[in-house]
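K.L.:
Everything below, folded, please.
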Amino acid sequence: MLWLYLPIHLSECTNQRMKIDLGCSIYTQSGYLGIDILRVPGVGLLADARKMPFADSSIEEVYSSHCIEHIDDQLAVISELCRICEPSALIYIIVPHFSNPSYYDDLTHCHHYSTRSFEHYDQRVQEANGHPNYLPEVNLKLESVRMNYWPERTIIRKSFLKGLILRVLNRVLSAMANTNHFVCERFWCRWVGGFFEVEYKFKVIKEVKSGGSHSNT
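P.N.:
This next block holds a predicted model:
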């Protein structure tokens with residue numbers, strides 16, 4: 001798998017608070033440290049997402065777009081993200097929706113997702129729904145989740161007419177889907193050709209530890 005190779009080199013890291021763009025490729029977000037395992041323009045640090053060279057609770061924000069679906073060990077990635085993030089840090093993750101037929105175009109894809117894929121790692125939801133607790137040390141509060149029919153960053157590569165049609169479809173179908181995720185995913189998401197992606201926003205919850213000062217609610 002693509003993400004199973006070890007990093008070629010680890011750039012110099014500090015313990016300063018920072019924002020990271022995980023799996024950035026050539027599209028690093030402005031104001032973020034770009035992290036990837038491939039040495040391409042825009043990448044500031046070559047590192048494996050399952051074991052990053054950051055101190056505990058040193059990252060204030062994580063952005064990751066279409067990255068973690070390439071990694072087979074999802075629990076290792078989730079655990080590592082929680083480790084490096086400070087209390088109340090925000091994590092933004094964008095991944096392929098399970099109805100996206102383009103998911104199968106890339107042989108390095110290992111996973112696809114629903115709007116409920118991360119409920120096991122939000123302890124309030126996990127306890128309320130009786131989900132198994134795979135990572136008891138992790139608590140990612142799900143702040144929001146959104147289905148995107150066709151994101152703008154891919155529409156701009158289309159012709160004018162295709163782009164116009166897709167923008168209208170994206171506005172209408174995304175609005176309908178995000179009114180009720182359950183109904184969309186259960187009954188009609190595949191009828192419209194599938195949704196491109198699902199977008200999550202998490203808040204990292206860390207309790208007070210013996211000898212430490214981290215706490216948030």
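K.L.:
Sketch out the low-pLDDT regions of this protein for me.
P.N.:
For the chain, applying pLDDT under 70 flags the ranges 1-16, 208-217.
K.L.:
so what strands line up beside the longest strand anywhere in it?
P.N.:
Counting by DSSP state E, the longest strand found in the chain is strand 85-96. Using DSSP bridges, the strands paired with strand 85-96 in its sheet are strand 59-65 (parallel), strand 197-204 (antiparallel).
K.L.:
do you know which of those lies nearest residue 47?
P.N.:
With C-beta to C-beta as the criterion, residue 47 lies closest to strand 59-65 of these, at 12.4 Å. In this view, the C-beta of every residue, glycine as well, is placed from N, C-alpha and C.
K.L.:
Quick one: residues in contact with that closest one.
P.N.:
Outside of strand 59-65, the residues within contact range by C-beta atoms under 8 Å, 6 or more residues apart in numbering are 17-23, 27, 29, 32, 81, 84-86, 89-94.
K.L.:
quick revisit: please identify which of the strands paired with strand 85-96 is closest to residue 136.
P.N.:
When those are compared by C-beta to C-beta, strand 197-204 sits nearest residue 136, at 15.1 Å.
K.L.:
quick one on the thing from earlier: neighbouring contacts of the longest strand of the chain?
P.N.:
Here strand 85-96 makes contact (C-beta under 8 Å, 6+ apart) with 17, 57-66, 68-69, 81, 102-103, 109, 111-113, 140, 143, 196-206, 214-216.
K.L.:
For the spatially most central residue of the chain, name its beta-bridge partners.
P.N.:
Residue closest to the average C-alpha location in the chain (C-alpha atoms, centre = their mean): residue 93, at 2.0 Å. Listed beta-bridge partners, residue 93: residue 64, residue 200 (assigned using DSSP bridges).
K.L.:
Residue 187: which of the strands paired with strand 85-96 is closest?
P.N.:
Closest of the strands paired with strand 85-96 to residue 187 is strand 197-204, at 16.7 Å (criterion: C-beta to C-beta).
K.L.:
Buried residues, that closest one. List them.
P.N.:
The neighbour-count check on strand 197-204 (16 or more other C-beta atoms under 10 Å) flags 197-200, 202-204 as buried.
K.L.:
Just give me the closest of those residues to residue 53.
P.N.:
Of those, the one sitting nearest to residue 53 (C-beta to C-beta) turns out to be residue 204, at 18.9 Å.
K.L.:
Relative to residue 137, how far out is the closest one?
P.N.:
According to C-beta to C-beta, to the nearest Å, residue 204 and residue 137 sit 12 Å apart.
K.L.:
Please consider this matter closed, and thank you.
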